[in-house]
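# starting from these lines, generate the structure:
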Amino acid sequence: MLAASALALWAGCGSEERTARAEGGRVAVALDDYAFDPQAISARPGRVNFALSNRGRVAHSFRLRREGRPVAQVPSLLPGDTETAAITLRRGNYRIFCALANHEELGMYGSLSVR
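From the prediction side, this is the model:
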């Protein structure tokens, strides 16, 4: 019985990405210990306003990289901090990540698709 309950609980913790669309050129992104919510974002080319909030217990950063090159960076946010970043984006695929310590390796990354 205990094993079946543990298996059911484990199965519910899948690695599904939550995808969000930047509606009206705005998207809210939560920085948590060690994940972004949403992890996948789609947007139209042009100016996108990212409303960032650190819900975690440690500092986190928000960076964008395209084809291995930095596109944007937001200074570290302490727990409870919020910040808005307006970034002009071209069509393409971007990687969202936290550049602090090994946060990216711990799973703090995501994707941004601009179409």
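
# which stretches in the protein count as strands?
Here the chain has its strands, by DSSP state E, at 19-21, 26-32, 35-37, 40-43, 46-54, 60-66, 69-77, 82-89, 92-97, 109-114.

# among the ones you listed, which comes closest to His103?
Nearest to His103 among the strands of the chain is strand 60-66; the distance by C-beta to C-beta comes to 6.6 Å. Yep, even glycine has a C-beta here, placed from its N, CA and C like the rest.

# just want the angle from that closest one to strand 92-97.
160 degrees (axes from the mean of the first three to the mean of the last three C-alpha atoms, to 10 degrees).

# what's opposite the nearest residue to Asn49 once chain neighbours are set aside in the beta bridge?
Leaving aside its sequence neighbours, Asn49 sits nearest to Arg26 (C-beta to C-beta, 6 or more residues apart in numbering; 4.5 Å). Following DSSP bridges, Arg26 is listed with bridge partners Glu23, Asn49.

# correct me if wrong: Arg26 contacts Val48.
Yes. Assessed by C-beta atoms under 8 Å, Arg26 is found in contact with Val48 at 7.3 Å.

# just give me the residue right at the centre of this protein.
Central residue of the chain (C-alpha atoms, centre = their mean): Phe36, 3.3 Å from the mean position.

# and the gap between it and Phe62?
Note on Phe36: its distance to Phe62, by C-beta to C-beta, to the nearest Å, is 8 Å.

# least confident secondary structure element in this protein?
helix 2-11 (a mean of 37; mean pLDDT, DSSP states H and E).

# what residues does stretch 94-114 touch?
17, 29, 31, 34-36, 38-45, 59-66, 71, 73, 76, 89-93 (C-beta atoms under 8 Å, 6 or more residues apart in numbering).

# low-confidence ranges, this protein, go.
In the predicted model, the chain carries pLDDT under 70 at residues 1-17.

# now with 90, please.
1-19, 22-24, 75 (pLDDT under 90).

# may I have stretch 85-102 exported as CSV, CA atoms only?
What follows is stretch 85-102, C-alpha atoms only, in CSV (Å, rounded to 0.1, in the frame of the first residue of the first chain):
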residue,chain,number,x,y,z
ALA,A,85,12.5,44.2,-17.7
ALA,A,86,11.6,45.5,-21.2
ILE,A,87,13.5,43.6,-23.9
THR,A,88,13.2,44.0,-27.6
LEU,A,89,13.4,40.6,-29.3
ARG,A,90,13.9,39.4,-32.8
ARG,A,91,12.5,36.2,-34.2
GLY,A,92,14.3,33.1,-33.0
ASN,A,93,14.8,30.7,-30.1
TYR,A,94,16.3,32.0,-26.8
ARG,A,95,17.4,30.3,-23.6
ILE,A,96,16.3,31.7,-20.3
PHE,A,97,18.6,30.9,-17.4
CYS,A,98,19.9,31.9,-14.0
ALA,A,99,23.6,32.7,-14.1
LEU,A,100,24.3,32.4,-10.3
ALA,A,101,26.4,29.6,-9.1
ASN,A,102,25.2,26.2,-10.5
